[in-house]
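S.K.: Whatever this is, show me its structure:
(one chain, ligands or ions: 1)
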Amino acid sequence: MKKILVTGANGYIAKHVIADLYKRQYSVRGTVRDLSYSEVIKQDIEKHLNSSIDIEFVQASLDKDDGWNEAVKGCDAILHTASPFPINYIKDENELILPAKEGTLRVLNAAKLNSINRVIITSSNAAVYAGNKHINEFDETIWTNIDTKGVRAYTKSKTIAEKAAWDFISKNSSITLTTINPVLVWGPGLGNHLSSASLGIFKILMKKEMPMVPKIKMPIVDVRDVSKAHVDALENKGSYNKRFLVCENTYWFKDVCTKLKSIGINAPSIVAPSLLIKFLSLFDKKLKEITPFLNYDFNINSKQAKTVLGFKPIKFEKTLEDTYKYLNELLKDK
Ligand code: NAP
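M.R.: Model (predicted):
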């Protein structure tokens with residue numbers, strides 16, 4: 001049985017990836033920052049699979065060398081999902097950039113030292129589409145321009161980390177790399193992911209925490225499809241040394257709210273004037289981060305994922321319904 005290392009095993013996406021690996025008869029070692037998470041992670045995945053699993057855990061942080069050699073030793077491949085993904089505005093961008101980049105290099109160096117020649121990294125559309133407002137259709141040939149004014153710290157962290165990975169691979173050709181570049185991920189989590197940054201946006205809409213929505217487009221994909229793309233890539237030589245954008249479609253916020261209303265969710269229905277958002281962003285750092293995307297119409301092309309990985313996205317309406325059910329259950333007693 002092949003053993004796969006999944007970094008950041010406590011993550012929203014990672015738990016699905018681990019479950020899918022078990023469904024396909026792999027065994028898994030996961031890294032966590034804190035070993036006390038282990039039992040809950042195991043239980044969440046076992047509940048989903050309705051069977052017990054023999055998962056191992058190793059403590060390793062992206063910011064430190066400790067643990068990475070032990071984590072990768074004896075594994076056949078690595079799925080590197082861990083990266084800081086905070087819900088709140090971060091003042092010092094290096095809090096995100098350094099662990100994302102240096103953590104990725106720690107994982108790749110440990111792979112090299114242990115002769116592991118297959119690595120799949122969870123990157124993001126954040127490494128593709130920002131700072132390119134002259135482009136309206138994005139594919140994997142495009143890179144975020146981090147020197148453009150207003151590019152968020154998270155966006156920089158994902159772009160810099162992915163570039164560092166490809167640079168590493170160009171000097172270490174024994175390793176084949178694939179990056180999965182998901183857009184905004186929704187869908188049911190395994191266990192409690194109420195603090196997930198991406199589900200946080202859904203939560204704001206379903207609880208109507210903002211009275212109006214900005215005129216911004218959101219590219220969306222289901223977590224179950226993101227997970228499947230990772231495992232499909234692992235098993236598909238056609239994915240070697242390629243990036244894969246995975247996106248169901250792009251939707252204006254207001255259209256997402258209309259769909260939410262159609263399934264009985266009291267989402268906001270008014271679109272905030274972009275000028276108002278720009279004005280308010282003078283006083284609100286979080287709003288400032290979204291202003292570059294106001295009124296910006298774009299699409300994400302997932303043709304490569306469809307052709308090579310057989311990516312067949314779950315319908316958006318199903319993602320919305322299942323996300324709502326999942327979050328509603330978690331929020332019931334709050
Ligand atoms: P998540 O639930 O917040 O998971 C992130 C994982 O990274 C957690 O396990 C976290 O560990 C770990 N991590 C963060 N900083 C770390 C550090 N310094 N050292 C070690 N581990 C660290 O987020 P997610 O949505 O599953 O995201 C997983 C990956 O997908 C990330 O690379 C993210 O950039 C990417 N992605 C996510 C989306 C999305 O919409 N969700 C979209 C595109 C790409 P702890 O549990 O200890 O906090």
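
S.K.: where does the stretch 51-200 of the chain come near the ligand, residue by residue?
M.R.: 61-63, 81-85, 99, 103, 122, 124, 158, 182, 184-185, 193, 196, 198 (CB under 6 Å from any ligand atom). From N, CA and C alone the C-beta is placed, and that goes for glycine too.

S.K.: buried subset of those?
M.R.: 61-62, 81-85, 99, 103, 122, 124, 158, 182, 184-185, 193, 196, 198 (16 or more other CB atoms under 10 Å).

S.K.: Show me the contact partners of the helix or strand where residue 177 lies.
M.R.: Per DSSP states H and E: residue 177 is located in strand 176-182. For strand 176-182, contacts defined as CB atoms under 8 Å, 6 or more residues apart in numbering pick out 13, 117-125, 127-128, 140, 162, 165-166, 169, 221, 226, 229-230, 233, 239-247.

S.K.: again, but for stretch 80-91
M.R.: In contact with stretch 80-91 (CB under 8 Å, 6+ apart) are residues 6-8, 11, 13-14, 17, 31, 62, 95-96, 99-100, 103-104, 107, 119-122, 153-154, 157-158, 161, 195-198, 200, 230, 285-286, 289.

S.K.: now swap in stretch 5-13 and tell me
M.R.: 14-15, 17-18, 21, 28-33, 37, 41, 55, 57, 60, 71-72, 75, 77-83, 103, 107, 122, 182, 185, 189, 193, 196, 198-199, 223, 226-227.

S.K.: again, 6 Å this time
M.R.: Applying CB atoms under 6 Å, 6 or more residues apart in numbering, the contact partners of stretch 5-13 are 14, 17-18, 28-32, 37, 41, 71-72, 75, 78-82, 189, 193, 196, 223, 226.

S.K.: cool, stretch 221-238 as well?
M.R.: 13, 16-17, 20, 77, 79, 120, 178, 180, 182-183, 185, 187, 239, 246-248, 308-309, 311, 313-314, 319.

S.K.: Can you tell me which of these end up in helices?
M.R.: If you go by DSSP state H, those have 13, 16-17, 20, 319 in helices.

S.K.: Just give me the closest of those residues to residue 67.
M.R.: Comparing the ones in helices among the contacts of stretch 221-238 against residue 67 with CB to CB places residue 17 closest, at 19.6 Å.

S.K.: How many neighbouring residues does the closest one have?
M.R.: By other CB atoms under 10 Å, 28 other residues sit near residue 17.

S.K.: and the contacts of strand 176-182, which are buried?
M.R.: Buried members of the contacts of strand 176-182, counted by 16+ other CB under 10 Å: 13, 118-125, 127-128, 140, 162, 165, 169, 221, 226, 229-230, 233, 239, 242-247.

S.K.: which SS state does residue 144 fall under?
M.R.: Following DSSP: H, G, I helix; E, B strand; the rest coil, residue 144 is assigned to coil.

S.K.: Can you pick out the ones from the residues of the stretch 51-200 of the chain next to the ligand that are in strands?
M.R.: 122, 182, 184-185 (DSSP state E).

S.K.: With pLDDT added, can I get those residues in JSON lines?
M.R.: Formatted as JSON lines, these follow (pLDDT from 0 to 100):
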{"residue": "122", "pLDDT": "98"}
{"residue": "182", "pLDDT": "98"}
{"residue": "184", "pLDDT": "96"}
{"residue": "185", "pLDDT": "98"}
